[in-house]
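**Student:** Starting from these lines, generate the structure:
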Amino acid sequence: MPKIIALVPMRHHSQRVPGKNFRPLAGMPLFHHIIGSLLACPEIAQVVVDTDSPPIMEGLKQHFPSVVVLERPEHLRGDAVSMNEILLYDTSRAEADFYLQTHSTNPLLQPATLSRAVQSLLAHSPEYDSLFSVTRRQVRLWDQLGRAINHNPAILLQTQDLPPVYEENSCLYIFSRSILSNRLNRIGERPLMFEIDAAEAWDIDEELDFAITAFLLQQAQVRNA
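**Tutor:** Sure thing, here's the model as predicted:
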């Protein structure tokens, strides 16, 4: 079994949702949800969090002592620093065959889904060299010039009959350090798209997303009770 390390970058500062990464959601700080799911995934050998946030560092030390914390250097803390630069630093500090990168803003991701993603890539390697998650969409799309992208406006199909398109949902990426360093990208030359249900893939970017995610978590708790 290749060694797989999970990487979770978490900034203290959030431009759109203040305190997002450690704001309470369904009774616990947001980042607790994804850390719990990663630790429950048997294919992941180690969870590494890159952060500049004192409350996150303290919370990890108290509740998740097995998680490795990388304190983000000053030169990587600005809003203009790309995620690829941060990941290059992280992968230089923690050696693995593959890295699974996700975000604290994906609290609905389940351990079984993470396992399935890892197993999917390993089963199809080296045919595919990396993996990224997607959400299936069957809606009528138009570009900024008013041109139909995925349908013929003269033929009114039901949306469920449209050819699907796939949105990169940023929930998870699996890649090697060589792909990241050679391409400055998490996505290799032969990526495998991994579909995640839209409800599980919900990402918290705005205030409204907190309310929606709290509702979805409540519904899941009722189903599992």
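
**Student:** So which elements touch the helix or strand in which Met193 is found?
**Tutor:** Here Met193, judged by DSSP states H and E, is contained in strand 191-195. Counting by 3 or more Cβ pairs under 8 Å, 6 or more residues apart in numbering; DSSP states H and E, the packing neighbours recorded for strand 191-195 are helix 111-123, strand 130-137, strand 165-175. Glycine gets a C-beta too; all of them are placed from N, C-alpha and C.

**Student:** can you list contacts of the longest one?
**Tutor:** Okay, so that is helix 111-123. Helix 111-123 is contacted from outside by 2, 4, 37-38, 40-44, 98, 100, 102, 128, 130-131, 133, 172, 174, 192, 194, 196, 200, using Cβ atoms under 8 Å, 6 or more residues apart in numbering.

**Student:** hmm, which of the residues you listed are the buried ones?
**Tutor:** When the contacts of helix 111-123 are checked for burial by 16 or more other Cβ atoms under 10 Å, the buried set is 4, 37-38, 41, 43-44, 98, 100, 102, 128, 130-131, 133, 172, 174, 192, 194, 196, 200.

**Student:** Which neighbouring elements make contact with whatever helix or strand Asn182 lives in?
**Tutor:** Assignment of secondary structure by DSSP H and E places Asn182 within helix 177-183. Based on contacts counted as 3+ Cβ pairs under 8 Å, 6+ apart, the elements that helix 177-183 packs against are helix 83-93.
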